[in-house]
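Trainee: no sequence on hand, only this structure:
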């Protein structure tokens with residue numbers, strides 16, 4: 001039980017990855033506050049777990065600095081402290097494409113949620129962690145921060161690259177406070193939100209050729225990396241980017257002959 005007694009705040013808790021991270025962290029003994037944009041979504045995240053013991057809900061619009069400050073303070077009060085944060089919340093606008101075609105509003109909204117929202121979470125969590133001289137921050141980045149997507153998504157890709165830079169800055173600024181900050185950068189994972197990209201044989205065949213391992217990632221595989229970074233087992237790991245992408249970011253050309261016929 002490597003997270004026994006750890007008090008962890010998870011944002012974007014009702015998404016596919018958020019639920020997987022919450023389920024594994026809770027199974028490993030953590031106390032959780034599940035944060036979502038609305039109370040209903042946060043409750044849905046809690047209801048999706050097999051056991052509700054030591055799990056509480058919180059909500060905040062990550063674009064609202066006062067709401068985020070209040071939510072983080074409430075989570076710390078509810079759990080009686082804070083040991084870890086998982087910044088998982090993110091958005092990908094449907095009209096986020098090329099720099100020319102992406103509307104300014106979609107660009108700004110994406111950065112407000114994905115980047116500034118994460119900054120606000122850490123801005124409000126760090127004073128508590130500094131005071132107790134311990135803590136682990138885990139940010140969900142993406143493979144697109146390293147290998148730009150063949151499907152243009154300029155705002156999303158930019159936000160993920162910036163998250164990694166911010167994480168490194170936090171890691172160095174607070175290394176002597178015994179606070180660790182790391183990223184997990186997943187490749188494509190099958191969730192309800194991403195299913196539309198793989199829902200026909202033709203779509204899957206187009207995507208598969210870019211994945212050396214020939215299949216999509218599984219939510220539990222990403223969750224395992226996140227929970228490791230939250231644990232004391234990663235006690236000397238900070239400022240790192242853990243790429244969990246089936247080899248995508250390491251690839252030049254892929255032999256697609258042995259790829260799976262299904263995602």
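Mentor: Received it, and whenever you're ready, just let me know what you need. Keep in mind it's a predicted model, so treat the numbers as computed, not measured.
Trainee: okay, CA-based contacts and neighbour counts for the rest of this
Mentor: Will do.
Trainee: just give me how far the longest strand seen in the chain sits from the chain centre.
Mentor: The longest strand of the chain (DSSP state E) is strand 179-186. Its chain's C-alpha centre and that of strand 179-186 lie 9 Å apart, by CA atoms, centre = their mean, to the nearest Å.
Trainee: now do that strand: which elements does it pack against?
Mentor: Strand 179-186 sits against strand 135-140, helix 154-173, helix 219-230, strand 241-244, with contacts defined as 3 or more CA pairs under 8 Å, 6 or more residues apart in numbering; DSSP states H and E.
Trainee: could I get the average pLDDT for the longest one?
Mentor: Rounded to a whole number, the mean pLDDT of helix 154-173 is 98.
Trainee: report the buried residues of it.
Mentor: With burial defined by 16 or more other CA atoms under 10 Å, the residues of helix 154-173 counted as buried are 154-164, 166-168, 170-171.
Trainee: now stretch 195-204
Mentor: Across stretch 195-204, burial judged by 16+ other CA under 10 Å covers 198, 204.
Trainee: ok, and what's touching it?
Mentor: In this structure, residues lying in contact with stretch 195-204 by CA atoms under 8 Å, 6 or more residues apart in numbering are 207, 261, 262, 263.
Trainee: cool, and stretch 169-183?
Mentor: Outside stretch 169-183, the residues that touch it by CA under 8 Å, 6+ apart are 129-130, 133-141, 164, 167-168, 229, 235, 237-242.
Trainee: can we see that at 6 Å?
Mentor: Applying CA atoms under 6 Å, 6 or more residues apart in numbering, the contact partners of stretch 169-183 are 130, 133-140, 167, 238-241.
Trainee: okay, the residues you listed in a markdown table with distance to residue 22 next?
Mentor: Rendered in a markdown table, the data for those read as follows (distance: CA to CA, whole Å):
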| residue | distance to residue 22 |
| --- | --- |
| 130 | 24 |
| 133 | 24 |
| 134 | 21 |
| 135 | 18 |
| 136 | 15 |
| 137 | 15 |
| 138 | 13 |
| 139 | 14 |
| 140 | 14 |
| 167 | 21 |
| 238 | 22 |
| 239 | 23 |
| 240 | 22 |
| 241 | 21 |
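Trainee: gap between the two ends of stretch 85-96?
Mentor: The first and last residues of stretch 85-96 sit 28 Å apart, counting by CA to CA, to the nearest Å.
Trainee: circling back to that earlier point, tell me the buried residues within the contacts of stretch 195-204.
Mentor: Of the members of the contacts of stretch 195-204, the ones counted as buried by neighbours, 16+ other CA under 10 Å, are 207, 263.
Trainee: which of the contacts of stretch 195-204 sits closest to residue 106?
Mentor: Distance to residue 106 across the contacts of stretch 195-204 (CA to CA) is lowest for residue 207, with 24.8 Å.
Trainee: the closest one belongs to a strand?
Mentor: No: using DSSP: H, G, I helix; E, B strand; the rest coil, the secondary structure at residue 207 is helix, not a strand.
Trainee: picking that back up, do you know which of the helices and strands packed on strand 179-186 lies nearest residue 12?
Mentor: Counting by CA to CA, and looking across all of the helices and strands packed on strand 179-186, nearest comes strand 135-140 at 10.4 Å.
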